[in-house]
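Asker: How does the following fold in three dimensions:
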Amino acid sequence: GDKVMPNAGGDGKTELQRTSKNYKMNSMEFACGVPKVFTVASELGNYPDWCGTGIKSVTERVRNGDYVEAVYQAGAFGYMFDFVLAFTIHNMESVSFTCLEGGSIKRLEGGYQFVQKGADNCRVYFEVCAELGGFIPGFVQESIANLILGIAVGELKKYVESDRCQQDLQDRGLMP
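Answerer: Residues are numbered from 1 along each chain as shown. The predicted structure follows:
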């Protein structure tokens, strides 16, 4: 079940997976509870803390309850992207996004789902569909999708399990 999103249908696929040309999914066990991971994943302005050098800036432009719009500047493989993602945040359960404005990005959507496992662990699921404009070669689109996946799960895991994350959350008054 670890390779199937919790919100998948009877066919084992999510809606995103069924309608996507360039779909990626991953899940990993994290050595902390859902509240900590959720707090980090839902604080969009702090993404540059753990997303590596690809994301140059994230600026929230709308926050209305569980709906947030954020303006991104990102770069990968020599391409620069300016785009706006709309996030829907379900407390302690999921963080999903879709691209509202993307220039060369035709489709960028996906998100996290979080499942508590026992007292001190959780499993984090992430799926993404990344379809970029025609002038970006297929292998670069594939590489970008893999990069997003690696950051979204691998870098998030490294960060939330670190002392630095603990300190950052304390400094910002965000300790769950």
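Asker: number of nearby residues for the nearest residue to residue 159 once chain neighbours are set aside?
Answerer: Closest residue in space to residue 159, ignoring its immediate chain neighbours: residue 50 at 3.7 Å, by C-beta to C-beta, 6 or more residues apart in numbering. No exception for glycine: its C-beta is placed from N, CA and C like everyone else's. Number of residues near residue 50 (other C-beta atoms under 10 Å) recorded here: 20.
Asker: Residue 50 contacts residue 157, correct?
Answerer: No - at 9.6 Å, residue 50 and residue 157 do not qualify as touching, with contact defined as C-beta atoms under 8 Å.
Asker: Give me the pLDDT for residue 1.
Answerer: As predicted, residue 1 sits at a pLDDT of 55.
Asker: Check residue 173 too.
Answerer: pLDDT, residue 173: 92.
Asker: Can you pull out the low-pLDDT segments for this protein?
Answerer: Low-confidence segments of the chain, defined by pLDDT under 70: 1.
Asker: The same query, at a cut-off of 50, please.
Answerer: Residues of the chain meeting the criterion pLDDT under 50: none.
Asker: to the chain's geometric centre, what's the distance from the lengthiest helix in it?
Answerer: Longest helix in the chain, counting residues (DSSP state H): helix 138-149. Remark: helix 138-149 is offset 14 Å from the chain centroid, using C-alpha atoms, centre = their mean, to the nearest Å.
Asker: For it, which outside residues touch it?
Answerer: 22, 24-26, 54, 76-77, 79, 126, 128, 130-132 (C-beta atoms under 8 Å, 6 or more residues apart in numbering).
Asker: swap the cut-off to 10 Å and go again
Answerer: By C-beta atoms under 10 Å, 6 or more residues apart in numbering, the residues outside helix 138-149 that reach it are 20-26, 51-52, 54, 74, 76-79, 81, 105-106, 108, 110, 126-133, 136-137.
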